[in-house]
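[1] Have a look; sequence and predicted model below, questions after that.
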Amino acid sequence: SSSFLKSLLMKVKEKSEKVGLKLNIQKTKLMTSSPITSWQTGGETMETVADFIFLRSKITADGDCSHEIKRRLLLGRKGMTNLDSMFKSRDITLPTKVRLVKAIIFLVVVYGCESWTIKKAKCQRIDAFELWCWGRLLRVLWTARRLNQSILKENSPEYSLEGLMMKLKLQYFGHLMRRTDSLEKTLMLGKTEG
């Protein structure tokens, strides 16, 4: 509720002032799932936003992660393009290039994927991005009539990008299940009191 949010913000402001920090209300932005258009506290108006970037991930009010997946794929595409000269070098062997793609490009794409809900259309976009990366690495023209399986066989990756995402999600789930008395574990199991 609005009153709870206001009291919480005032607590943060008071606690921060005790240690010598000042909360600048004009720079503070507010995002809620309820339709609050403007909000005032202490005579100052806070700006409400529909989405924002937090820890390099895009957070939206509706919780949709499709924008974040698209953003991550674009960052991966930009990274592949920036490293194009290195991938065209004949001094670096193909297995080394494959490891570089996995270590640099794929990790940029999967950052924060543990919280994503991936639908079939996004899964296809992720697979298409992975094949684009491997095709670019092998310098396969888009006009060449090559099967996806032949490109994957030539690279011989141990796991797909989708497989890496699944591995990270399962690792995070295992981490949550090993914790005791955590809110995240309670939410994952769906057990709430009341």
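    Yes, it's here. Residues are numbered from 1 along each chain as shown.
[2] rest of the way, CA atoms for contacts and neighbours
    Fine.
[3] In space, not sequence, find me the middle residue of the protein.
    The centroid of the chain falls nearest to residue 112 when counting by Cα atoms, centre = their mean (3.7 Å).
[4] Low-confidence bits of this structure, can you list those?
    Along the chain, the parts satisfying pLDDT under 70 run over 1-2, 33-38, 41-42, 191-194.
[5] could you measure the residue in it sticking out farthest from the centre against residue 26, distance?
    Distance to the chain centre peaks in the chain at residue 43, reaching 36.1 Å (criterion: Cα atoms, centre = their mean). Distance, residue 43 to residue 26, using Cα to Cα, to the nearest Å: 11 Å.
[6] and if you look at residue 66?
    Distance of residue 66 to residue 26, given as Cα to Cα: 30 Å.
[7] burial measure for residue 116, as a count.
    Using other Cα atoms under 10 Å, residue 116 has 16 neighbouring residues.
[8] That one contacts residue 70, correct?
    No. With contact defined as Cα atoms under 8 Å, residue 116 does not count as touching residue 70 (11.6 Å).
[9] sorry, back to before: residue 66 and residue 26: which has the busier surroundings?
    Neighbour tally, residue 66 and residue 26, criterion other Cα under 10 Å: the higher count belongs to residue 66, 16 against 10.
[10] what's the nearest residue to the more buried one if we skip its chain neighbours?
    Counting by Cα to Cα, 6 or more residues apart in numbering, residue 122 is the residue found nearest to residue 66 once chain neighbours are left out, at 7.4 Å.
[11] Buried ones in whichever helix or strand that neighbour is part of, by neighbour count?
    Per DSSP states H and E: residue 122 is located in helix 120-137. Neighbour-count burial for helix 120-137 flags 126, 129-137 (criterion: 16 or more other Cα atoms under 10 Å).
[12] Counting by contacts, list what it packs against.
    helix 66-82, helix 148-155, helix 161-178 (3 or more Cα pairs under 8 Å, 6 or more residues apart in numbering; DSSP states H and E).
[13] Show me what the second one is in contact with.
    What that stands for is helix 148-155. Contacting residues not belonging to helix 148-155 are listed as 94-95, 98, 131, 134-135 [Cα atoms under 8 Å, 6 or more residues apart in numbering].
[14] Also the first one?
    With Cα under 8 Å, 6+ apart as the contact definition, helix 66-82 has outside contacts at 57-59, 101, 105-106, 108-111, 116, 118, 122, 126, 129, 133.
[15] Can you get me the centre-to-centre distance for it and its chain?
    On the basis of Cα atoms, centre = their mean, to the nearest Å, helix 66-82 sits 10 Å off its chain's mean C-alpha point.
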